[in-house]
Every structure is written in structure tokens, then in C-alpha cells.
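K.L.:
quick one: sequence and predicted model below, then my questions.
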Amino acid sequence: MKVFVTGSSSHLAAALLPRLCARPGVERVTGVDLGPPRFRHARFEAAQIDIRSPQVEDLLGGHDVLVHLAWVKQQRDLSDGDMFDINVSGSHKVFHAARRAGVRRFIHVSSAAVYGSGVHLSEAAPLAPLPQLLYARHQAHLEQLLHIEFPDCVRFRPHLILGPNARPSLKRLLQLPCYVRTEWPYPLLQCVHEDDAARAILLALDREVRGPFNLAVEDNFSLREIVRRRHRLALPLPPFAARVGLSVARRWMGLGGELAWIEGLTRTLLVNCRRAAVELGWRSTYSAASVLAHT
């Protein structure tokens with residue numbers, strides 16, 4: 001089996017690639033990313049290119065599986081149009097290039113953020129991303145295209161992916177001695193360990209499954225609870241103050257992240273992973289507390 005991975009320098013790829021290259025039956029793994037490769041292995045080859053490059057189709061030739069991890073978050077030097085061009089248009093073209101190159105298995109890692117908010121949401125729940133959250137809107141848009149044009153594609157919807165290789169912005173958020181102040185009942189969230197997210201991708205390589213799969217720990221937490229547990233003097237910030245703080249951090253410290261994530265932290269989002277358990281044999285091997293302890 002030959003596997004092609006986009007976003008091969010991403011944080012999730014750091015957990016996936018070692019397991020993929022160690023898997024019996026995987027002959028070769030090719031990765032593409034604008035960033036320099038962070039992983040080396042005899043079975044792994046990396047190309048430092050944009051997923052929108054025509055060269056991607058040439059590299060796809062001879063591969064059996066496409067695992068699509070590539071995406072971009074909002075940055076100071078990236079317009080909304082550029083972000084859409086990469087996350088939706090560019091990703092859409094990669095799938096069509098893969099089909100023309102003879103790839104037969106498609107796996108896309110989306111996000112539970114496509115639901116917006118809700119409790120015990122199954123994969124049948126409507127996609128209703130928060131209007132302000134561009135990344136979630138882009139993932140929902142791309143998923144709709146894949147549902148129509150690539151019905152055999154496996155689409156994973158992980159909640160917050162945490163672990164040793166988690167995005168620095170998420171690590172900073174969890175270490176801050178403050179949280180967004182909300183009314184009781186406090187918003188509840190889930191997460192998933194990067195190892196479990198990678199394991200779900202590996203399970204999908206061999207099973208005859210298709211469509212969306214939620215990925216998350218079975219329990220949940222509130223950001224208020226986590227921050228207060230880590231800091232004796234935790235400061236509750238009104239949402240407008242949290243937005244100002246994030247805006248300043250983005251402008252003067254170069255930190256990534258959309259301001260709309262503040263809105264996301266004030267909404268409960270809990271997903272049901274029964275389909276992954278039944279059809280993939282996947283369950284989280286971590287509790288929320290243990291995932292947070294490993295991040």
C-alpha cells in the first residue's frame with residue numbers, strides 16, 4: 001500500500017506518520033506540505049510544495065490512499081479569500097487530482113466544529129458552523145462537496161485534537177490563568193488525543209467504511225474547570241475582553257487563531273462517537289483529564 005498525505009508537517013501528521021510508516025503492508029508514504037518536513041523515515045518521502053501546485057497530481061501517481069490533513073488557519077498576512085482558496089478550492093482540486101491519478105481510497109480529516117454547538121450530536125446532525133468561524137465554515141463547505149462527489153470518502157470529525165504535538169495556540173490557551181466568563185450552566189467541550197485520532201485513520205485504511213465519523217473522548221470538561229484546576233487565582237474575562245486580548249496577541253505577538261474561537265468557547269459542543277465504535281471498532285483510549293495532562 002502506498003499512502004499520500006497532505007499537510008505532512010502538521011501537528012496531527014507528527015502523530016500519524018510514525019505509525020503509518022511502521023504499519024505492515026505500507027510500502028511507501030509520500031507527504032506534501034509548505035512547511036519543512038518534521039519527520040524522517042526510510043519509507044517516507046517529503047515534498048515542500050503548496051497543495052494547489054500542479055506538481056501534486058504528478059506526485060499522486062501510483063498511490064492507493066489519500067489522507068488529507070492540509071488546512072490553514074487565519075493569519076495576519078492571509079486574507080479570507082486566500083484561506084478559502086486553500087481550505088476549500090485547493091483541497092477540492094487535490095481530491096480530483098487523486099482520482100485522476102488512480103487513488104482509490106480517500107480519507108479527509110475535518111472537524112467537529114462543523115456542527116457549531118449541540119449535545120450528543122451524531123453524524124446525522126446538520127452542519128451549522130458558527131458564522132464567524134471561517135475554518136469551520138470551510139470544512140463544512142468542503143465536506144458537502146466530498147459528500148456529493150466522493151461518497152466513498154471517509155470524513156473524520158475530531159473534537160479538539162490535543163497531545164504532545166498539539167498546536168501551540170491550544171497549548172497556550174490551556175495554560176492561561178484566565179477563561180471566558182459565561183453564565184451557568186458552563187459550556188462543555190470534548191477533545192481527542194492525537195494518538196487516538198491517528199489510530200482512527202489507520203483503522204479506516206482496511207475497513208469498508210465511508211462517510212463521516214465523530215472522534216472524541218467519552219467524557220467532557222469546561223474550560224473554566226480546567227483553568228481553575230491549574231491556577232489558584234483564575235481570572236474570568238468577559239467575552240469582549242477575551243476578544244481584545246486575542247486581537248492584541250495576534251497583532252503584536254504573531255499568535256494564530258480566529259477571534260471567533262472566543263465565541264466557540266461559550267457554546268457547548270458534545271458529539272456521539274457510537275458510529276466509530278460500531279463500524280470502525282474505535283474508542284478513545286484516554287479520558288479528558290488524561291488528554292489534557294498529556295498536552
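P.N.:
Nice, thanks for sending it over.

K.L.:
make it CA atoms for all contacts and neighbour counts henceforth
P.N.:
Will do.

K.L.:
dump the C-alpha coordinates for whichever strand or helix holds F95 into PDB.
P.N.:
Using DSSP states H and E, F95 sits in helix 91-100. Once side chains and other backbone atoms are set aside, the C-alpha atoms of helix 91-100 remain, and they are given as PDB (Å, rounded to 0.1, in the frame of the first residue of the first chain):
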ATOM      1  CA  SER A  91      -8.400  20.800  -1.200                       C
ATOM      2  CA  HIS A  92     -11.200  20.000  -3.700                       C
ATOM      3  CA  LYS A  93      -8.700  20.000  -6.500                       C
ATOM      4  CA  VAL A  94      -6.400  17.600  -4.600                       C
ATOM      5  CA  PHE A  95      -9.200  15.100  -4.400                       C
ATOM      6  CA  HIS A  96     -10.000  15.300  -8.100                       C
ATOM      7  CA  ALA A  97      -6.200  15.100  -8.900                       C
ATOM      8  CA  ALA A  98      -6.000  12.000  -6.800                       C
ATOM      9  CA  ARG A  99      -9.000  10.400  -8.600                       C
ATOM     10  CA  ARG A 100      -7.400  11.100 -11.900                       C
END
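
K.L.:
from the contact counts, what lies against that helix?
P.N.:
Helix 91-100 makes packing contacts with helix 55-60, helix 134-149 when contacts are defined by 3 or more Cα pairs under 8 Å, 6 or more residues apart in numbering; DSSP states H and E.

K.L.:
again, only this time at 7 Å
P.N.:
Counting by 3 or more Cα pairs under 7 Å, 6 or more residues apart in numbering; DSSP states H and E, the packing neighbours recorded for helix 91-100 are helix 55-60.

K.L.:
I'd like the distance between the closest residue in space to L12 that isn't next to it in sequence and A140.
P.N.:
Counting by Cα to Cα, 6 or more residues apart in numbering, E194 is the residue found nearest to L12 once chain neighbours are left out, at 6.2 Å. As defined by Cα to Cα, to the nearest Å, E194 lies at a distance of 22 Å from A140.

K.L.:
do V72 as well
P.N.:
15 Å.

K.L.:
between those two, who's got more neighbours?
P.N.:
The residue with more neighbours, out of V72 and A140, is A140; 23 against 13, by other Cα atoms under 10 Å.

K.L.:
for that one, what are its contacts?
P.N.:
A140 sits next to 114, 127 when contact means Cα atoms under 7 Å, 6 or more residues apart in numbering.

K.L.:
and it, how far from G35?
P.N.:
25 Å.

K.L.:
same check on D50?
P.N.:
As judged by Cα to Cα, D50 and G35 stand 9 Å apart.

K.L.:
how many neighbours does the residue nearest to L12 have?
P.N.:
With neighbours defined by other Cα under 10 Å, the count for E194 comes to 25.

K.L.:
give the contact list for it.
P.N.:
Taking Cα under 7 Å, 6+ apart as the definition of contact, the neighbours of E194 are 12, 15, 161-163.

K.L.:
repeat that for 10 Å
P.N.:
11-16, 158, 160-166, 200, 291, 295 (Cα atoms under 10 Å, 6 or more residues apart in numbering).

K.L.:
and L170, that's in a helix?
P.N.:
Yes - following the definition DSSP: H, G, I helix; E, B strand; the rest coil, L170 is counted among the residues of a helix.

K.L.:
nearest residue to it in space, please, no chain neighbours.
P.N.:
L162 (7.9 Å).

K.L.:
try N165
P.N.:
The spatially closest residue to N165, leaving aside those adjacent along the chain, is H11, at 5.4 Å (Cα to Cα, 6+ apart).

K.L.:
can you give me the neighbour number for the closest residue to P126 other than its chain neighbours?
P.N.:
With sequence-adjacent residues excluded and distances taken as Cα to Cα, 6+ apart, P126 is closest to Y115, at 6.7 Å. If you count neighbours by other Cα under 10 Å, Y115 ends up with 23.
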